[in-house]
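Asker: attaching a predicted model along with its sequence, questions to come.
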Amino acid sequence: MFGLGKKAKKLDSHDMLIIKTEEGKRHFYQVTFPSVVGNDIVSMLEKLQKSKYNKPEFLGEIGGFHIITYIEGLMSVEVKDENDLEAHPLPIQDFANVLLRRLEALEESGKLEESDDTAFFMGELTMLRDGSFVPQQ
């Protein structure tokens, strides 16, 4: 890990995950979120990464993803190539919405079994999409 020392997370900073995908149009996603909820979001996405749902048949083109980098305390991101879709960071609300829509479609078609894991991920993704995610103490 490349660390710049322990600093208190600023309330106005953001963190970013770089998430690599196995298939699809995009090779990776840059997902941003407020630093104050960073550890909770990373923990949930790591759990999703290790779960049985991390496959293309569940998550579409994001299926098979893995987190390759976690950047903390960003104050700004400057996109140098406006025409490159992968150059643009994706807010966590949008990333969660993509994942949640996919799981909801599977649930409606009866292809998603009811389980504690299913309820956990759908609940967490709903809170992220809606912006109601509250950091755990």
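Answerer: Nice, thanks for sending it over.
Asker: so how far is stretch 78-86 off the chain centroid?
Answerer: Average the C-alpha atoms of stretch 78-86, do the same for its chain, and the two points are 19 Å apart (Cα atoms, centre = their mean, to the nearest Å).
Asker: leaving out sequence neighbours, find the closest residue to I41.
Answerer: Spatial nearest neighbour of I41, chain neighbours left out: F33 (5.2 Å); criterion: Cβ to Cβ, 6 or more residues apart in numbering. Bear in mind the C-beta positions are built from the backbone N, C-alpha and C, glycine included.
Asker: list the residues that contact that neighbour.
Answerer: H14, D15, M16, I41, P91, I92 (Cβ atoms under 8 Å, 6 or more residues apart in numbering).
Asker: who's the first one bridged to?
Answerer: In this structure, H14 bridges to P34, L74 when assessed by DSSP bridges.
Asker: let me know the pLDDT of the residue nearest to I41.
Answerer: pLDDT, F33: 95.
Asker: and L100, by the same measure?
Answerer: Predicted confidence (pLDDT) for L100: 95.
Asker: that one against R129, yeah?
Answerer: Yes: applying Cβ atoms under 8 Å as the test, L100 and R129 come out as touching, 5.6 Å apart.
Asker: so which of the contacts of F33 is the closest to M75?
Answerer: Minimum distance to M75 across the contacts of F33 is 7.9 Å, recorded for H14 (Cβ to Cβ).
Asker: what about the closest one, neighbour count?
Answerer: The number of residues packed around H14, counting by other Cβ atoms under 10 Å, is 21.
Asker: any idea how far F95 is from it?
Answerer: Per Cβ to Cβ, to the nearest Å, H14 is found 13 Å from F95.
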